Every structure is written in structure tokens, then in C-alpha cells.
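J.: sharing a model that was predicted from the sequence below.
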Amino acid sequence: MKRISALQQARSDYQPKLPPALSAGANVKASEGGPTTPIADKEKIQYLFPNTYGKPIVTFSQGAGGTTEAIRVGVILSGGQAPGGHNVIAGLFDGLKSINPDSKLYGFLGGPSGLIEDEYMELTAEIMDQYRNTGGFDIIGSGRTKLETAEDFDKASENCSKLGITALIIIGGDDSNTNACLLAEYYKENDVPIQVIGCPKTIDGDLKNEYIEASFGFDTACRVYSELIGNIQRDANSAKKYWHFIKLMGRSASHIALECGLQTQANITIISEEVEAKRQTIDDIVDDIVEVIVARSETAGNFGTVLIPEGLIEFIPEMKALISELNDLLAKESEAFQTLRGRSEQLAFINHHLSKDTSYTFSSLPATIQVQLTMDRDPHGNVQVSLIETEKLLAEMVALKLNEMKAAGTYNGKFSAQTHFFGYEGRCAAPSNFDADYCYSLGYNATALVAAGKTGYLSSVRNMTKDSSKWIAGGIPITMMMNVERRHGADKPVIQKALVKLDDAPFMHLLANRKVWAINTDYVYPGPIQYFGPSSVCDLVTETLKLEKGV
Ligand code: FBP
């Protein structure tokens, strides 16, 4: 028999909590509000989604209302891993069986490509039981292929109809759920009898709004990173000899860095959205860090922590311009670029093609960062920010500046840096109670949306800062979260990405405490996620959500 850890064994018995509406099964009563409108670009969205536009918000309550027929549902995991994905699938499975024990759940393998290439497995009770409350997406795998063309949509419906599937659940982030909505619209328009429901996933925390309180996985990932940051801070405060530069995942938004900063009270937490708003340069950021290091060297000592959001580089205006030119250049000249021999030829080629300003920015960067900026793009032609070692760049630039100050007699401390990148460490952690409960509820709730005949909706469970007896289950029409954005030279309807808002409570709380946390050593050590024990340590909610909800 396959060996599993003692924790996994014990944790498999955990029964996730559900909103009261779903406690007697997924065949529930649906109440509908009035017609809805998108957050912006009303006419364009209405034009592009004539069949799924303006649908009402759905709220569930106990009592039968949907179908009791056996349903066949397909599920896809899309994009980066996030803790709790297996529980979404467990919730789907249990919800479907509660509607009718003959219902079936099929998992398409390796993400959206599995649906197009007809690679799937039926998820049985025996398989499901091995994955309850575990981290990872390995039950069926995930991928970043996009479902976006009519050809993909037709292939998908062909493969679904072979299995008798009448509903697809897409577990993904803002882009995958945008595509879920396009798919729902296409099937409605072409009378294809397949419903499409999305579930909000991403550790990055940037798929949220008034109705989607959080994307799943954010809670657990931030707790894992905060545990590690807390451990580093204990070490720093014990040895008093290192400054730790810690980069934290989050492709674009800085929610993870902000949450970890709030949980651990690190000395410096950089927020990309603030850097952009203040139009800061790299030198400005370095100066800010240096100021704190110098001040602490005179009081607390020569140690501290700096949290750096993964996406920072793209929010620094000068770097944004450089990256955008590089993306275009590497897309246009990819053939010529591939024929160049060696790094020095490639760097010379790039410098030659860049505009004057961006070429200056490029030349001022250390060689390692220049190379990282020109590495392979992601499938959308964007630079892969997780591969750019911003933490090393900043540590190097800070060291240079401090050396200059030492020579000028304006700094007397000792500076020694350690760099870290936390990302993959947290994406597949065993879900916290929050994510285990939230994910199971999202999946179970998705089956209720299917039973209620909905399509083009995102599964929504709200009021998560309250006791589970107060959680609200329902569905939000995806078109309601959309606007039109310029993407790769064309106007596209997309779910609006939620960046850190500089006038919202979580950032304001950081701002109010920033100076004190910088100079003092007011570290908080969150420790590991607790799965067993008092509710006060097991049933936590992120600082972000608490501050957003004012609790
Ligand atoms: P999703 O938005 O798909 O959830 O993925 C987010 C993320 O974890 C980012 O934080 C990170 O930049 C990226 O994935 C890394 O991608 P990959 O897994 O392809 O290396």
C-alpha cells in the first residue's frame, strides 16, 4: 500500500464545513435578484455576451428546487496550483451524489488541454477519498493551455457529449474564468446543452470583488510563507547579522506580500501598486530600503527583513517600458534572436534595437538580470516574472549604495544579505481549515448551480469571516465582473484583475504601522498552520479579509 504521512492520514477524516443552505444536499432553492450590469463597458459586454449578459445574482436556501436527475459533470483545473483544489473536486463529487447517487464526475487531465484532447478519468469514491483535504492538483493535473477559439469550444463539446456530460466546472483564475464565460456564451448561442460554471482559484488573491471575497489558496499559501518569514525573523533577531530579502509569489498584484507583511510585521514590505502610483524608480526603492537599514544600524542592529512582491519589476515605470519593448522585440525578431551566438551577441542585439531611454535602463542593470529579462516568454508572450531575481537585484544595489555611504563616512553599520524566493513552497500545501472549508463549499455549491440550470456563473460563498452558520451560498454572473481591456494590441472582455487598492483597509493598516515596524523589531511569528486544536488557532481568516470586512 502507498505510504502516506501521519498528518495526511489523520487529516483525511476532516469533514469540511458547509453553508447552511447546502447542509442537506445540493438540491436547493434558488432566489434571484434583479438584472446585473458589468463593472464597466456595459454596451460592449452586452454586445459580446447577448445570451449570458445581465443574469441575476443567485442565492441559495434550504429546500428542494433543482433537478433530481442523475447529472454527468466534467471538471478542469486550470493554471497554477493553489491549496484546496482537491476539496473543490470533493465538494463537487459529494454535491453531485447528494442530487442523485447515479451522477458521475469526470476529470479532464492536465488542464484545459485534456478537454480538447479527450484525456479524462472518471472520479470514483475510492479515488476521491485519497485526496480529501490534501494540497496539490495531482488528482487530475493542471495546465495553462487556453480554451479560447471556436475550434477548441467545438472539440470540447464533442468530447463532453461522448461522455454524456452536460456541465463543465472550470477551476481557475481571472483568465480561465473569462474563458469559462466565453464558453458558456458560445454554447448558449449554438444551443449546445452544456452548462459552464467557474470556481475562483489563485494563490495570488487577485480574483475577488464585492461578491467573491477571496480566491481559494490565498489563505494557505500566505500562512506557509508567513510561517517561513517568521522563522527567518527569529533567526535574524537571534544572530543579528543578516538582512533577508524575501521575494514572494504573486504574478502581478501584491496581495501576498501585503498579507505576509501584516501577518509578520516585517521591517519593510514593498507594494508594487504603491511603487507605480508614486512613479518610483529602482533607485528610489533602493534609497527607501537604505534609509531603514541605516536607521536600524544605529538602534536595533544590522539585521532585518524586506518583503518583495514577485511582480514588482513590472510596476516600476522605467522597467515596465523596458519589458514592454523587450516583449515586442522578442516576439517580432524571435528568429533573428535565436540565430545569435552566445549571450554577449544577444545582449548587443537587444541594446541596438531598444529605444534610447530603455536601452539606458537595460544597460544599468546587472548582467544576470539582463539575461533573465530576455529569457523565454510565457505562452502569452509575457516575461516570466518568477524567474527574475528581483530580491538579488535589490540586495546587490543596496550593498553598492551602502558601500558608497561607508566610503563617504555616512554609514557605520555592517551589511550582509541573504536572499529567498517563496512561491512553489506554498502552492500545494495541505489546505488550512479556511481553504478546506471554502473549497469544499465552492465545489458543492457549483453542483447546486448546475442543478439550478445556471451557466456563465462563478460559484460564490460569502460571509467567510463569520461562523459557518452565516455563510451565504450562491452564484455570480461572470459578465458582472467584466470590463474591456487592451490585451496584446486588441480590446478584450476580461474579468477585472483585483490589484491592491491603496485606499483600502489592508494597505492603510500597513501604511499606519510602516514606520514603527521598520525601526522597531516588532516581529510576529505565526508558526505553522494548525489543523488540530482550538478553533482560535485552527479557524483563522487572513488579515486582509478581516481588515476588508472591518472585523
Ligand atoms: P495562477 O494565476 O494561475 O493561479 O498562478 C499564479 C502563480 O502561482 C503566480 O503567483 C506565479 O507567478 C505563477 O503562477 C508561476 O507560474 P508557473 O507555475 O507556470 O511557474
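T.: Sure, I can see it.
J.: close to the ligand, is stretch 71-81?
T.: Yes. Contact between stretch 71-81 and the ligand is present through 79-80 (criterion: C-beta under 6 Å from any ligand atom). All C-beta spots, glycine's among them, are computed from the backbone N, C-alpha and C.
J.: renumber starting at 36 from here on
T.: Noted, 36 is the first residue going forward, which turns the last one into stretch 106-116.
J.: for the stretch 286-435 of the chain, give me the ranges with low pLDDT.
T.: Across the stretch 286-435 of the chain, the ranges flagged by pLDDT under 70 are 414-416.
J.: make it 90
T.: For the stretch 286-435 of the chain, applying pLDDT under 90 flags the ranges 355, 358-387, 392, 398-423.
J.: in it, what residue is nearest the ligand?
T.: Per C-beta to the nearest ligand atom, R286 is where the stretch 286-435 of the chain lies closest to the ligand, at 3.6 Å.
J.: quick one: contacts for that residue?
T.: With C-beta atoms under 8 Å, 6 or more residues apart in numbering as the criterion, the residues that contact R286 are 239, 345-346, 420-421.
J.: keep only the residues you listed that also lie close to the ligand.
T.: When those are filtered against the ligand using C-beta under 6 Å from any ligand atom, the residues retained are 239, 345, 420-421.
J.: show me the strands in the stretch 286-435 of the chain, by range?
T.: For the stretch 286-435 of the chain, the strands defined by DSSP state E, counting those that start in this stretch occupy 303-304, 339-344.
J.: what is the lengthiest helix in the chain packed up against?
T.: Longest among the helix segments of the chain by residue count, using DSSP state H, is helix 253-274. In terms of contact count using 3 or more C-beta pairs under 8 Å, 6 or more residues apart in numbering; DSSP states H and E, helix 253-274 is assigned the packing partners strand 278-283, helix 290-299, strand 339-344, strand 452-457, helix 459-462, helix 468-486.
J.: what's R497 sitting at in phi/psi?
T.: phi -120, psi 170 (degrees, to the nearest 10).
J.: rewinding a little: tabulate the helices and strands packed on helix 253-274 in a markdown table, adding columns for mean neighbour count.
T.: A markdown table is the format used below for the helices and strands packed on helix 253-274 (neighbours: other C-beta atoms under 10 Å):
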| stretch | mean neighbour count |
| --- | --- |
| strand 278-283 | 26 |
| helix 290-299 | 28 |
| strand 339-344 | 27 |
| strand 452-457 | 18 |
| helix 459-462 | 18 |
| helix 468-486 | 29 |
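J.: got a markdown table for these, with distance to the ligand too?
T.: Formatted as a markdown table, these follow (distance: least, C-beta to the nearest ligand atom, whole Å):
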| stretch | distance to the ligand |
| --- | --- |
| strand 278-283 | 9 |
| helix 290-299 | 7 |
| strand 339-344 | 10 |
| strand 452-457 | 11 |
| helix 459-462 | 6 |
| helix 468-486 | 13 |
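J.: L408 is nearest to which of the ones you listed?
T.: With distances scored as C-beta to C-beta, the stretch of the helices and strands packed on helix 253-274 nearest to L408 is strand 278-283 (15.5 Å).
J.: compute the inter-axis angle for the closest one and helix 290-299.
T.: 130 degrees (axes from the mean of the first three to the mean of the last three C-alpha atoms, to 10 degrees).
J.: between strand 278-283 and helix 253-274, how many degrees?
T.: Strand 278-283 runs at 170 degrees relative to helix 253-274, counting by the same axes, to 10 degrees.
J.: now strand 278-283, how far from the centre of its chain.
T.: The chain centroid and the centroid of strand 278-283 are separated by 20 Å under C-alpha atoms, centre = their mean, to the nearest Å.
J.: by contact count, what packs against it?
T.: So strand 278-283, by 3+ C-beta pairs under 8 Å, 6+ apart, packs with helix 253-274, helix 290-299, strand 339-344, helix 425-442, strand 452-457.
J.: try 10 Å
T.: Applying 3 or more C-beta pairs under 10 Å, 6 or more residues apart in numbering; DSSP states H and E, we find strand 278-283 packed against helix 253-274, helix 290-299, strand 303-304, helix 317-333, strand 339-344, helix 425-442, strand 452-457.
J.: among those, which comes closest to S359?
T.: helix 317-333 (16.4 Å).
J.: how long is stretch 160-176 end to end?
T.: By C-alpha to C-alpha, to the nearest Å, the extent of stretch 160-176 from end to end equals 18 Å.
J.: next: stretch 196-211.
T.: Taking C-alpha to C-alpha, stretch 196-211 runs 22 Å from one end to the other.
J.: show me which residues of that stretch are buried.
T.: If you call a residue buried by 16 or more other C-beta atoms under 10 Å, then stretch 196-211 has these buried ones: 198, 200-211.
J.: average pLDDT for that stretch, rounded please.
T.: Taken as a whole, stretch 196-211 has a mean pLDDT of 97.
J.: wait, which of the helices and strands packed on helix 253-274 is closest to K64?
T.: Comparing these by their distance to K64 (C-beta to C-beta), the top pick is helix 468-486, with 9.7 Å.
J.: now the closest one: mean pLDDT?
T.: 98.
J.: and the angle from it to helix 253-274?
T.: Compare the direction of helix 468-486 with that of helix 253-274 by the same axes, to 10 degrees and you get 170 degrees.
J.: so V63 is in contact with T102, correct?
T.: No. Applying C-beta atoms under 10 Å as the test, V63 and T102 come out as separate, 11.4 Å apart.
J.: low-scoring stretches of the stretch 86-235 of the chain, by residue?
T.: Per-residue confidence for the stretch 86-235 of the chain (pLDDT under 90) gives these ranges: 99-102, 181-183.
J.: what are the boundaries of the strands in it?
T.: With strands called from DSSP E, counting those that start in this stretch, the stretch 86-235 of the chain shows them at 93-96, 107-112, 139-143, 155-157, 202-207, 230-235.
J.: buried deepest among those, which one?
T.: strand 230-235 (a mean of 30; mean count of other C-beta atoms under 10 Å).
J.: what sits against K197?
T.: When the contact criterion is C-beta atoms under 10 Å, 6 or more residues apart in numbering, the partners of K197 are 153, 155.
J.: any figure for the gap between it and I229?
T.: 12 Å (C-beta to C-beta, to the nearest Å).
J.: again, but for E308
T.: Between E308 and I229 the distance is 38 Å, computed by C-beta to C-beta.
J.: show me where the stretch 36-185 of the chain has its helices.
T.: Across the stretch 36-185 of the chain, reading from the start of the chain, the helices by DSSP state H, counting those that start in this stretch fall at 41-46, 77-83, 120-134, 147-151, 160-164, 185-198.
J.: pull out the buried residues from the fourth one.
T.: Within helix 147-151, the residues that qualify as buried are 147-151, counting by 16+ other C-beta under 10 Å.
J.: and for the last one?
T.: Buried residues in helix 185-198, counting neighbours by 16+ other C-beta under 10 Å, are found at 187-188, 190-192, 194-195, 198.
J.: name the nearest of those relative to the ligand.
T.: Distance from the ligand was checked for each of the buried residues of helix 185-198 by C-beta to the nearest ligand atom. The minimum falls on D187, at 18.2 Å.
J.: let me see the contact set for that closest one.
T.: If a contact means C-beta under 10 Å, 6+ apart, then D187 has 147-148, 150-151, 180-181, 214, 217-218, 221 as its contacts.
J.: could you rerun that using 7 Å?
T.: When the contact criterion is C-beta atoms under 7 Å, 6 or more residues apart in numbering, the partners of D187 are I151.
J.: thinking again about what came up before, would you mind giving the strands of the stretch 86-235 of the chain as JSON lines with distance to V496 added?
T.: Formatted as JSON lines, the entries for these read as follows, by distance: least, C-beta to C-beta, whole Å:
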{"stretch": "strand 93-96", "distance to V496": "10"}
{"stretch": "strand 107-112", "distance to V496": "17"}
{"stretch": "strand 139-143", "distance to V496": "20"}
{"stretch": "strand 155-157", "distance to V496": "27"}
{"stretch": "strand 202-207", "distance to V496": "14"}
{"stretch": "strand 230-235", "distance to V496": "10"}
